[in-house]
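>>> just need the structure, nothing else, for what follows:
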Amino acid sequence: MPSAQTVFETERLLARTWDAADASAYFEICSDPLVMQHIGPGVPWNRGQVDEFIERHQDYQDRFGFCCWALVEKKSNELIGFCGMVPQDDNTFPEIGWRLAQKTWGQGFATEAAQGVVDYATGQLKIKRLFAIAQPGNDASINIMKKLGMQFTENTSKNDQPVVRYDLILD
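Numbers count the residues shown, from 1 in each chain. The predicted structure is shown next:
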């Protein structure tokens, strides 16, 4: 895996490509039951799932020019999660997503990072539309979607889990 490259910065955060050295810190985040409670079946990930995630997103970066980037707090230089976009199999517009360490919750980092992704998507990649999903009980993520200006589209499901979908049209 090549060394990490900065993709964009916000006031307090750095979004960059993944580095092999990120796996341990990201595993710590994904092994936290509270962080994972609204992700898929709601169970912590094992190290293999973390490694697969990092490899998959490095591949997305290579193939599409975007992924869910590693998110680093500038002040501490610590990996605090991810924020970015996932390409879709049907080649429609990408999904925006985020996952942050529990100790960072309530400080506005996810909203700041997500706005940075929207700005990067429109400015650098000329993407015209994004969508996001969240399980119905994930009020924090739904609130971020609303802060980004996303509009509720539908109640649907992903991997047999009910989710709400919000869209953002960027033209």
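>>> so who does the nearest residue to residue 127 once chain neighbours are set aside touch?
In space, residue 127 comes closest to residue 121 once its chain neighbours are excluded; the distance is 4.1 Å by C-beta to C-beta, 6 or more residues apart in numbering. The way it works is simple: take the backbone N, C-alpha and C, and place the C-beta from them, glycine included. Residue 121 is in contact with 66, 85, 94, 96, 127, 130, 170, counting by C-beta atoms under 8 Å, 6 or more residues apart in numbering.
>>> from the residues you listed, which is closest to residue 152?
Checking those against residue 152 by C-beta to C-beta gives residue 130 as the nearest, at 14.2 Å.
>>> in the sheet, who's paired with that closest one?
With DSSP bridges as the criterion, residue 130 is bridged to residue 168.
>>> residue 132 against residue 96, yeah?
Yes. Counting by C-beta atoms under 8 Å, residue 132 touches residue 96, with 5.1 Å between them.
>>> shared neighbours of those two, which are they?
Joint contacts of residue 132 and residue 96 (C-beta under 8 Å, 6+ apart) are 148, 168.
>>> in the chain, which helix has the most residues?
helix 47-64 (DSSP state H).
>>> tell me which other helices or strands it touches.
helix 23-30, strand 68-73, strand 78-86 (3 or more C-beta pairs under 8 Å, 6 or more residues apart in numbering; DSSP states H and E).
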